[in-house]
Structure formats: structure tokens, C-alpha cells
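>>> Next come a sequence and a model predicted from it.
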Amino acid sequence: MSRIGNKPIKIESGVTYERVGDEITISGPKGTLKQVIDKEIKTELKEGELHFTYDKESLSAKQGLARALVNNMVIGVTKGWDKKMIIAGVGYKASVSGSKLVLNLGLSHPVEVVIPADVKVTCPAVTEVLVSGIDKQKVGQFCAMLRQKRPYEPYHGYGIHAEGEHLVRKVGKAVKGKK
């Protein structure tokens with residue numbers, strides 16, 4: 001059984017916490033995030049730490065979920081979230097043009113992806129895309145959408161994948177024996 005819901009969240013200076021009904025608002029130097037959690041999960045701010053408690057035993061999983069979501073919000077408004085995507089393939093490249101990410105992925109046309117307003121996208125190199133923002137879910141969702149444009153292909157190693165991701169390479173067909 002996980003005990004992550006019992007761990008308190010340290011609220012650093014410069015970060016404000018507010019709960020109205022079932023909505024939690026976290027504000028910090030990078031922005032403001034809101035999240036709705038179950039009303040039966042109680043929150044209490046003691047000595048700069050946020051604690052999550054519940055009364056019914058059936059709410060233990062929701063306690064851990066609420067704690068994880070709020071912890072991601074606190075990290076997002078203080079440090080932010082970054083994810084680097086790698087584009088592998090002959091002639092594959094990416095560039096940012098205004099509010100669009102332009103991808104050349106070996107297709108007959110360039111693929112244009114509209115960048116959401118709350119996500120920042122940069123290309124430090126032509127084969128790298130750095131996605132950053134304060135909301136972990138939106139950063140991850142944008143990266144997943146990028147990956148769908150050209151999924152990793154295990155035989156040649158082409159495609160889009162996250163940096164540090166474990167990739168499996170497969171061996172191609174082998175000729176049995178020549179006669």
C-alpha cells in the first residue's frame with residue numbers, strides 16, 4: 001500500500017495556497033494553477049506544510065491522488081516542468097515559427113503543430129524540441145501529441161521520443177543460408 005498521501009507538501013516562501021470548497025488554488029512566482037479535488041479530502045496548512053487527511057477508509061486512494069496533483073502544482077509554480085523530445089531520422093528537423101512548431105518528418109509536406117498558450121516550445125537544436133510550462137499535465141500532453149506525429153520505429157530508430165526514454169532496437173530479417 002502506498003503511503004504517499006500521508007507525506008506533507010512543503011509550501012515554500014512566495015507560494016500561496018487557497019482552498020474554496022473543492023477547488024485548490026496555488027500561486028507562485030511562475031503563475032497560478034487550480035485543481036478540483038474531492039470535498040471529503042481535508043487539507044490543513046501547519047507550519048508551512050500542507051497535510052491531507054480523510055475520514056472514510058475508501059478515500060485513501062483519493063488522498064494520494066490529491067496530494068500528488070497539488071505537489072505537481074507547487075513544483076510547477078516554483079520551478080516549472082521541462083521535457084526534451086528528440087527527433088531521430090535522416091532529414092528530420094524542427095523549428096518554431098511564431099505560434100507554430102514546424103516539423104519535417106520525412107513526409108511530402110511539413111507538419112505544423114499549434115503551440116498552446118500556456119506551453120513554451122523552443123528548439124535548441126534542429127533535432128531537439130524543449131517543451132516547458134507550469135502545468136505538468138499540459139506539458140506531457142503536448143509531448144504525447146508530438147510523439148503521435150511520427151512514433152518511434154524500432155528497426156531503423158526513426159521517430160520522436162523523449163530524452164532518456166528506454167528504446168528497444170530490433171534486428172531486421174536475417175537470411176537463413178545461401179545455397
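Yes, it's here. Numbering: from 1, shown residues only.

>>> Please make it C-alpha for all contacts and neighbour counts, starting now.
Fine.

>>> how about Thr78, phi and psi?
phi -100, psi -50 (degrees, to the nearest 10).

>>> distance of it from Val15?
Going from Thr78 to Val15 by C-alpha to C-alpha, to the nearest Å gives 8 Å.

>>> Overlap in contacts, these two.
Shared contacts of Thr78 and Val15, defined by C-alpha atoms under 8 Å, 6 or more residues apart in numbering, comprise 28-29.

>>> how about Tyr155, what does it touch?
169-172.

>>> May I have the phi/psi pair for the residue nearest the centre of the chain?
Nearest to the geometric centre of the chain sits Gly140, at 2.8 Å (C-alpha atoms, centre = their mean). Dihedral pair for Gly140: phi -70, psi -40, per degrees, to the nearest 10.

>>> would you turn the contacts of Tyr155 into JSON lines with secondary structure and distance to Ile115?
Putting the contacts of Tyr155 into JSON lines (DSSP: H, G, I helix; E, B strand; the rest coil; distance: C-alpha to C-alpha, whole Å) gives the following:
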{"residue": "Arg169", "secondary structure": "coil", "distance to Ile115": "31"}
{"residue": "Lys170", "secondary structure": "coil", "distance to Ile115": "33"}
{"residue": "Val171", "secondary structure": "coil", "distance to Ile115": "36"}
{"residue": "Gly172", "secondary structure": "coil", "distance to Ile115": "37"}
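
>>> Let me have those residues in a markdown table, adding neighbour count and distance to Gly48 as columns.
Supplementary listing: the contacts of Tyr155 in a markdown table, determined by neighbours: other C-alpha atoms under 10 Å; distance: C-alpha to C-alpha, whole Å:
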| residue | neighbour count | distance to Gly48 |
| --- | --- | --- |
| Arg169 | 12 | 48 |
| Lys170 | 11 | 51 |
| Val171 | 9 | 54 |
| Gly172 | 9 | 57 |
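
>>> Redo these as CSV? Include distance to Tyr152 and pLDDT.
Below are the contacts of Tyr155 laid out as CSV (distance: C-alpha to C-alpha, whole Å; pLDDT from 0 to 100):
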residue, distance to Tyr152, pLDDT
Arg169, 10, 91
Lys170, 12, 92
Val171, 15, 90
Gly172, 16, 84
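
>>> So Ser58 lies in a helix, does it not?
Yes. According to DSSP: H, G, I helix; E, B strand; the rest coil, the state of Ser58 is that of a helix.
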